[in-house]
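>>> I'll drop the sequence and a predicted model, then ask my questions.
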2 protein chains.
Amino acid sequence: MGEIFKDDDAAAATSAVTASSAVPTAATYLNGPILVIGTGLLGASVGLGLSRAGLDVRLQDPSPSAQQIAQDVGAGTILKSGETLSPELVVCAAPPDVTAAAVAQALKDYPHAVVVDIASVKSSILNTLLADDSLTAEQLTRYVGTHPMSGREKSGPAAARGELFVANPWVITAHDTASERAIRTARSLVADLGGVPTYMDPLSHDHAVALVSHMPQITASLLASRLLNAESTQLALAGNGLRDTTRIAASDPRLWIQILAHNAPQIVGHLEGMREDIDRLISTLHHPEANGALLDLAELFGEGNAGHARIPGKHGAPPQSFAVVTVLVDDKPGQIARLLKDVGDANINLEDLRMDHASGRPVGMVEISVLPGKEAELEAVLQKLKWRVVK
Amino acid sequence: MGEIFKDDDAAAATSAVTASSAVPTAATYLNGPILVIGTGLLGASVGLGLSRAGLDVRLQDPSPSAQQIAQDVGAGTILKSGETLSPELVVCAAPPDVTAAAVAQALKDYPHAVVVDIASVKSSILNTLLADDSLTAEQLTRYVGTHPMSGREKSGPAAARGELFVANPWVITAHDTASERAIRTARSLVADLGGVPTYMDPLSHDHAVALVSHMPQITASLLASRLLNAESTQLALAGNGLRDTTRIAASDPRLWIQILAHNAPQIVGHLEGMREDIDRLISTLHHPEANGALLDLAELFGEGNAGHARIPGKHGAPPQSFAVVTVLVDDKPGQIARLLKDVGDANINLEDLRMDHASGRPVGMVEISVLPGKEAELEAVLQKLKWRVVK
């Protein structure tokens, strides 16, 4: 499928970024009009990004207020009831539960349009569409499932951002009978929003997100739920480990219920694997003095080390350890900015930055990640400028 | 116990920070000499912080190279074999497995010294000491267990930092027969290193860390170990959710094996609770269309939301939602520094900062957290300066 497009994905993503600023400066791949059905966070973000790129975007949502907010934030123009429209593309951004029905309706309502959905689960939706006798073979050729790997812990059109998709993978899960035009149009949508097109079949996609997205969400929620009855003196000892591990437990339950229900078969296997590991761990911890107990624990943590090391790093490069320079700063306005200006003046690229300010802390510890080999240079510069570099 | 000290903990912590810079500027609570037994990450960090505060620190470790590196990084002076010493305080920074034995030996070797340990588990060590017939009642009065809530994903003396403990809770778990002098000395150690003294009994401590430290570690390792056999196309879809949830899975297995083995009784209950939840979730996901299934899922995620909301925020304040201003920056040297200088010039305090650069991304998304109410002001300032503020 990659051969349909001669241009380079990275270049396309970059030009789309330029196009997404207020004044369009590059041609879009899509021509429009585009109809976005469902104006929550993702639908409104799609509308916002395409509108800023200069495209004619129409909006439709069963909730009049969601539709109105989406229009107000600049995601497009509300489609009036009874208005006729012949869209090039319909983007179904409905919740997973109603996505298949919305896609089917759009394929019938707009006989010339390509219809894509952007739900986080793909097989269940495709299977529902394939089993729908009211759809013709021609109609199905115009459908392509997609899933942008972008999101926020917030929801709703007010939280929409046209740049939400920039440089993130956007999976295109074309089925066997999807037309070349439909696939090309889906890919144009991704390119115009700055996403990185990634091709997978629907079931492979569902297996992948079960592992890299749904399992982390479940794990974070399971862990966070254990804090419900904790004493506050216990919680006062919480550090960054607990904070990082539970951060996504703040996500919207309504969406996650649907995602889990739709992707249940792919998730259950991973959960059963985790239950086996927990069973083994519980037995081991009941008799930590038994022969082999410590080896068992070593295996668990060793596997965790090895699994963690496989997560790819920045720019799709292999996981990379950056060198970290740590600086103590007073917790008052402008300190961190001043520090980072000094880092910038040293002309050393900041790869990542972590601020660590625990409960009751009068000062902040700032960890600056730079490419290995750059840390001594940076430390010398900062010490010369009287920063308290931690060694 | 808090009444022993008239001074204010926060003020003590601040003065200790000042004292820990290169030139001592404030008197220390300890007088020295201090003997640090065990010069790994934590022991060497204790030595480094106290040495910088101007105290006489001696070092001892069964590994000649660890001892030498600790001395080289400035943690103190190696205690020569046969040298006599009458320390005010002995800090046992040995691994949990050998801590009780090291404490017992130190209580005998140094009849005038207070002896503290800094292991991450407290009851098992105290119980071993109480059951040790070779120790007299007088010797036990000189022992106080402590646990600094500080650490790094690195280990060994080369990674030591004198500021490791600054403004983090440092739990003091004095047993019933500990003398006032011993407790006061332990507290002086904490204050001289800038930690926040927190008093708990040993078992309450062990329950607390099982929940806020050991369970996150186990959960992260269990989740990360599921990635071991994943395909790289699956891992290419990984986002910040997976990265955050598994970050601490990179920790040193050798230390964690001992911590888990020593704190097994306190951990098992939480693990059993988690297994129950997973069992329920697996049953639910086997029949997601059954009555009550979605309600079950809603409960799981709702409890996760509620548990997560209980984690205290910065400065020990109740958990606080900061307002987030998002800016797109090109991924080249100096951009982020320039941005943050502009934030600083606006005189708006940066509460937190998150850099989000996924695989293949040509630009970076920077999320700046500020106090709620400050975001509109900051957005206006940044837009005026031509920054691409994401709305």
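Received the coordinates, thanks. Computed from a prediction, not measured in an experiment: that's the story for all the values here. Residues are numbered from 1 along each chain as shown, chains lettered A, B, ... in the order given.

>>> Phi and psi next, for A:Pro157.
Main-chain torsions, A:Pro157, degrees, to the nearest 10: phi -70, psi -30.

>>> residues touching the residue minimising distance to the centre of chain A, list them.
Nearest residue to the geometric centre of chain A (Cα atoms, centre = their mean): A:Ser150, 2.7 Å. Counting by Cβ atoms under 8 Å, 6 or more residues apart in numbering or on different chains, A:Ser150 touches A:Leu42, A:Ser45, A:Leu164, A:Phe165, A:Asn168, A:Trp170, A:Gly195. C-beta here means a position set from N, CA and C on the backbone, and glycine is covered the same way.

>>> count of neighbours near A:Leu285?
Per other Cβ atoms under 10 Å in any protein chain shown, the neighbour tally for A:Leu285 reads 22.

>>> Would you indicate which residues of the helix or strand hosting it are buried?
Using DSSP states H and E, A:Leu285 maps to helix A:264-286. For helix A:264-286, burial by neighbour count (16 or more other Cβ atoms under 10 Å in any protein chain shown) applies to A:264-268, A:270-271, A:274-275, A:277-278, A:281-282, A:284-285.

>>> again, but for stretch A:117-133
A:Asp117, A:Ile118, A:Ala119, A:Ser120, A:Val121, A:Lys122, A:Ser123, A:Ser124, A:Ile125, A:Leu126, A:Leu129.

>>> for stretch A:341-354, same thing?
A:Lys341, A:Asp342, A:Val343, A:Gly344, A:Ala346, A:Ile348, A:Asn349, A:Leu350, A:Glu351, A:Asp352, A:Leu353, A:Arg354.

>>> can you check stretch A:292-311 too?
A:293-294, A:296-297, A:299-305, A:307-308, A:310-311.

>>> Report the mean confidence score over it.
Mean pLDDT, computed over stretch A:292-311, is 90.

>>> same thing with stretch A:156-163?
pLDDT averaged over stretch A:156-163 gives 86.

>>> check whether it contacts chain B.
Yes. Judged by Cβ under 8 Å from any Cβ of the partner chain, stretch A:156-163 and chain B are in contact via A:Arg161, A:Gly162, A:Glu163.

>>> which parts of that stretch are buried?
A:Gly156, A:Pro157, A:Ala159, A:Ala160, A:Arg161, A:Gly162, A:Glu163.

>>> who touches it?
A:17, A:20, A:39-41, A:43-45, A:47-52, A:66, A:69-70, A:73, A:75, A:152, A:193-194, B:326, B:328, B:365, B:388, B:390-391.

>>> Check the separation of the first and last residues in that stretch.
From its first residue to its last, stretch A:156-163 covers 16 Å (Cα to Cα, to the nearest Å).

>>> Report the distance from it to the chain centre.
14 Å (Cα atoms, centre = their mean, to the nearest Å).

>>> same deal with stretch A:208-221?
Centroid separation for stretch A:208-221 versus its chain: 12 Å, with Cα atoms, centre = their mean.

>>> Stretch A:133-149 now?
23 Å.

>>> how about that stretch, does it reach chain B?
Yes. Among the residues of stretch A:133-149, A:Met149 lie within reach of chain B under Cβ under 8 Å from any Cβ.

>>> ok, and of the contacts of A:Ser150, which contact chain B?
Contacts with chain B within those, counted by Cβ under 8 Å from any Cβ: A:Asn168.

>>> Just the ones of the contacts of A:Ser150 in helices?
A:Leu42, A:Ser45 (DSSP state H).

>>> Tell me the one of the contacts of A:Ser150 nearest A:Ala104?
Here the nearest of the contacts of A:Ser150 to A:Ala104, counting by Cβ to Cβ, is A:Leu42; it sits at 19.8 Å.
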